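Chemist: I need the structure of the sequence given here:
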Amino acid sequence: MNQDAEEELEMLAGILDEALDGTDHFGFEHLRTHETFPPFVPPNWSAQDIIQPPQPESYLGAVKPLKWFDRLIPGAKARYDRAVVSAAESYQEALKVYSQKEAARKQQLEESQASYEAAKLEFDEKKRKQNEQVDEFEGAYKKGDEEAIVAYNTAALQHTTYPPSFPQNFRVGYSWSSVGGRIKTSQLGSD
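Modeler: Numbering: from 1, shown residues only. I've put the predicted structure just below:
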C-alpha cells in the first residue's frame, strides 16, 4: 500500500472517534442559546417631528408697546389691549397644538417601548426554555439515558465536517454493560 493511501486510511479511521471524543468542537454549550436581545432603539424621528414648545415672548413681543405719545391717540389703548389678548390667545393655541403633538410623540415612544419589552420578554422566555431543555438533556446524558446518549452523539456526528469521500449517512447505537457504555456507529453509504 502506498504512503498516501495509508495516511488517508488513518485519517478516516480517526474521524468518528474524533467526532465523539467530547472535545470542544461540539458540546452541550453549542446547544444553548447565548444570543442577547438587541437594546431598545427609540423611533427615528426627524427634526420636524421634535419641536420646541412655543415661547410667550415670541407672541407677546410682536405687540409693539404703547409709547407715551401713542397713548394720547383716541382708541390706541383699546387696540393695544386687543393686540395683547390676541397674542396671548395665539400663544395658548400654539401651546395646545404643541402639547397635543408632544403627547402623541410620547404615546408613540411608550408604545414602541412596550412592544420592545414584549418582544424581549418572549425572546428571554424562549431562551430560558431552550437552555432549560439543554440542561435536562445534559442531565439525562450524564445519568446514562440511552436515548439522550444516542441523540447527543448523533448531533455530534452531524456537526462534524467530513471529507467528500467519507460516508455521511450513519446510524448510532448505545449499549450498556458492566464494563461501561459503548457507542456503536455504522456508516450506511455516502449521500
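Chemist: for the helix or strand harbouring E125, the distance to its chain's centre please.
Modeler: In the assignment (DSSP states H and E), E125 maps to helix 76-142. Taking CA atoms, centre = their mean, to the nearest Å, one finds the center of helix 76-142 at 19 Å from the center of the full chain.
Chemist: now stretch 72-86
Modeler: Relative to the chain's own centre, stretch 72-86 is displaced by 62 Å; criterion: CA atoms, centre = their mean.
Chemist: Stretch 53-69 now?
Modeler: With CA atoms, centre = their mean, you get 52 Å for stretch 53-69.
Chemist: Flag every buried residue along it.
Modeler: Of the residues in stretch 53-69, P54, Y59, V63, L66 count as buried by neighbour count, 16 or more other CB atoms under 10 Å. Bear in mind the C-beta positions are built from the backbone N, C-alpha and C, glycine included.
Chemist: hang on, the earlier thing: skip ahead from the helix holding E125 and say which helix or strand is next.
Modeler: helix 146-159.
Chemist: Pull out the buried residues from that next one.
Modeler: So, applying 16+ other CB under 10 Å, buried residues of helix 146-159: A148, I149, V150, A151, Y152, N153, A155, A156, L157.
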